[in-house]
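# Just to be clear, the model below is a prediction. Sequence and coordinates:
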Amino acid sequence: MITNLRGRNLISDLDFTKEEVETVMEVAFDLKMRRALGQPHALLDDKVLAMLFFFSSTRTRCSFEAGMAQLGGHAAFVESKSTQISHGDTEKEIGEILGRYFDGLAIRHCDWGIGNRYLNLVASASRVPVLNMQCDFYHPHQCLADLMTIWEKKGRDLRNKKMVVSWAYAASYAKPISVPQSLILQMPRFGLDVTLAHPPEFELMPEIMEQAQEQARKNNTKFEVVHSMEDGFTDADIVYAKSWGPLVTTSDPEDIKKVTQKYESWITDEEKMTLAKEDAIYMHPLPADRNIEVTDGVIDGPHSVVFDEAENRLHAQKAVMALTMA
Ligand code: CP
């Protein structure tokens with residue numbers, strides 16, 4: 001078990017090696033059990049995490065905040081709009097100064113072409129770990145919770161199991177591409193054969209696609225792209241279907257709307273779920289556009305594991321914080 005994660009950043013999914021992710025999983029399961037048994041686990045006594053948000057959140061904010069309290073520390077909620085960032089505080093000042101007040105800096109900044117760069121610039125000026133609460137490229141803590149959930153539902157030997165990471169239609173807003181990008185980077189390392197399904201205009205970043213192919217090659221797993229939701233779902237053991245914006249193709253709001261409207265039929269419904277294996281699980285990071293992106297029948301139905309998945313955010317993040325911030 002590789003345990004020297006103290007002081008490390010987690011910005012990209014590949015910042016931790018496969019063995020280091022396995023360590024995170026071991027600690028996460030241990031902390032989940034300790035919480036179930038009511039055993040105190042104040043591993044971060046007196047430590048304080050800053051949570052800097054440039055974008056709204058339900059699960060991420062609440063699970064990081066609850067997690068720090070359960071670890072004996074404290075989390076400070078900082079909204080960018082209530083800081084002096086818009087009046088001149090640069091990434092360097094945030095990294096240098098908050099890095100001296102806090103023991104870890106967790107940041108959510110999803111603006112396309114800006115977020116990931118921001119996190120890396122803060123990290124290069126910070127003396128404490130920077131944890132990515134979602135940027136424009138990656139959502140690594142969501143992905144760790146997803147892996148934990150897949151291990152719980154499908155076991156740890158995932159060889160020859162098919163996971164479809166599918167685009168789905170949503171009307172609310174152009175959602176970041178970070179979740180599918182994190183999934184295609186991380187899951188091939190753990191034995192899953194990954195199928196990425198999306199309409200042609202909803203491609204992911206070419207450099208991330210290359211890295212995902214490289215992970216699949218190195219770990220002897222399959223990685224393919226299809227342009228039909230039905231083809232993606234066929235014989236899948238794990239269905240992970242969510243919306244994302246056509247951000248790689250266009251940043252024009254009118255174009256985004258026009259392109260997205262073409263694919264209203266990309267909804268996860270009961271009929272499509274019948275194409276997957278009988279014991280397939282349905283995953284979604286939430287929030288979902290109900291009855292647009294996925295029907296109530298699926299998200300509340302027997303295949304759905306979305307609430308266990310959301311719970312595991314807490315345990316996986318506590319593991320990362322305990323390992324990096326102790
Ligand atoms: N899945 C997820 O990151 O949820 P929030 O946007 O509510 O944090």
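Alright, I've got the coordinates. Numbering: from 1, shown residues only.

# need the strands for the stretch 201-326 of the chain, in chain order.
Using DSSP state E, counting those that start in this stretch, the strands of the stretch 201-326 of the chain run over 223-226, 238-242, 281-283.

# For the ligand, which of those is the nearest?
strand 238-242 (9.4 Å; Cβ to the nearest ligand atom). C-betas here are computed from N, CA, C, even on glycine.

# What is that closest one packed up against?
The contact analysis (3 or more Cβ pairs under 8 Å, 6 or more residues apart in numbering; DSSP states H and E) places strand 238-242 against helix 140-154, strand 162-167, helix 178-186, strand 281-283.

# list the buried ones in stretch 138-158?
By 16 or more other Cβ atoms under 10 Å, the buried positions in stretch 138-158 come out as 138-154, 158.

# Spit out the contact partners of residue 162.
192, 193, 194, 195, 235, 236, 237, 238 (Cβ atoms under 8 Å, 6 or more residues apart in numbering).

# OK, contacts around the second one?
For residue 193, the contact set (Cβ under 8 Å, 6+ apart) comprises 160, 161, 162, 163, 221, 222, 223.

# Which single one of the contacts of residue 162 is nearest to residue 180?
Nearest to residue 180 out of the contacts of residue 162 is residue 194 (Cβ to Cβ; 10.0 Å).

# Surely the closest one is within a helix?
No - going by DSSP: H, G, I helix; E, B strand; the rest coil, the assignment for residue 194 is strand, not a helix.

# what about it, how many residues close to it?
Neighbour count for residue 194, taken as other Cβ atoms under 10 Å: 25.

# Then residue 164?
25.

# So what sits opposite it in the bridge?
Note on residue 164: beta-bridge partners residue 195, residue 239, judged by DSSP bridges.

# what residues are up against it?
Counting by Cβ under 8 Å, 6+ apart, residue 164 has contacts 194, 195, 196, 197, 232, 233, 236, 238, 239, 240, 241, 276.

# what's the farthest-apart pair in the residues you listed?
Longest span within those, Cβ to Cβ: 196 and 276, 15.6 Å.

# measure whatever residue of the stretch 151-300 of the chain ends up closest to the ligand to residue 262 for me?
Nearest residue of the stretch 151-300 of the chain to the ligand (Cβ to the nearest ligand atom) works out as residue 285 at 3.7 Å. Distance, residue 285 to residue 262, by Cβ to Cβ, to the nearest Å: 24 Å.

# do residue 100 as well
50 Å.

# Next, format the contacts of residue 164 as CSV and append distance to the ligand.
Shown next, in CSV, are the contacts of residue 164 (distance: Cβ to the nearest ligand atom, whole Å):
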residue, distance to the ligand
194, 20
195, 22
196, 19
197, 20
232, 21
233, 22
236, 21
238, 17
239, 17
240, 12
241, 14
276, 22
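
# Which of these are buried? Put it as a PyMOL command.
The following PyMOL line selects those of the contacts of residue 164 that are buried, judged by 16+ other Cβ under 10 Å:
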select buried, resi 194+195+196+197+232+233+236+238+239+240+241+276
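
# May I see the contacts of residue 164 organised as JSON lines, with distance to residue 129 and pLDDT added?
Converted to JSON lines, the contacts of residue 164 look like this (distance: Cβ to Cβ, whole Å; pLDDT from 0 to 100):
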{"residue": "194", "distance to residue 129": "29", "pLDDT": "98"}
{"residue": "195", "distance to residue 129": "34", "pLDDT": "99"}
{"residue": "196", "distance to residue 129": "30", "pLDDT": "99"}
{"residue": "197", "distance to residue 129": "35", "pLDDT": "98"}
{"residue": "232", "distance to residue 129": "36", "pLDDT": "98"}
{"residue": "233", "distance to residue 129": "38", "pLDDT": "99"}
{"residue": "236", "distance to residue 129": "35", "pLDDT": "99"}
{"residue": "238", "distance to residue 129": "30", "pLDDT": "99"}
{"residue": "239", "distance to residue 129": "33", "pLDDT": "99"}
{"residue": "240", "distance to residue 129": "28", "pLDDT": "99"}
{"residue": "241", "distance to residue 129": "32", "pLDDT": "98"}
{"residue": "276", "distance to residue 129": "38", "pLDDT": "99"}
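
# out of the contacts of residue 164, who's nearest residue 291?
Using Cβ to Cβ, these come closest to residue 291 at residue 241, 14.0 Å.
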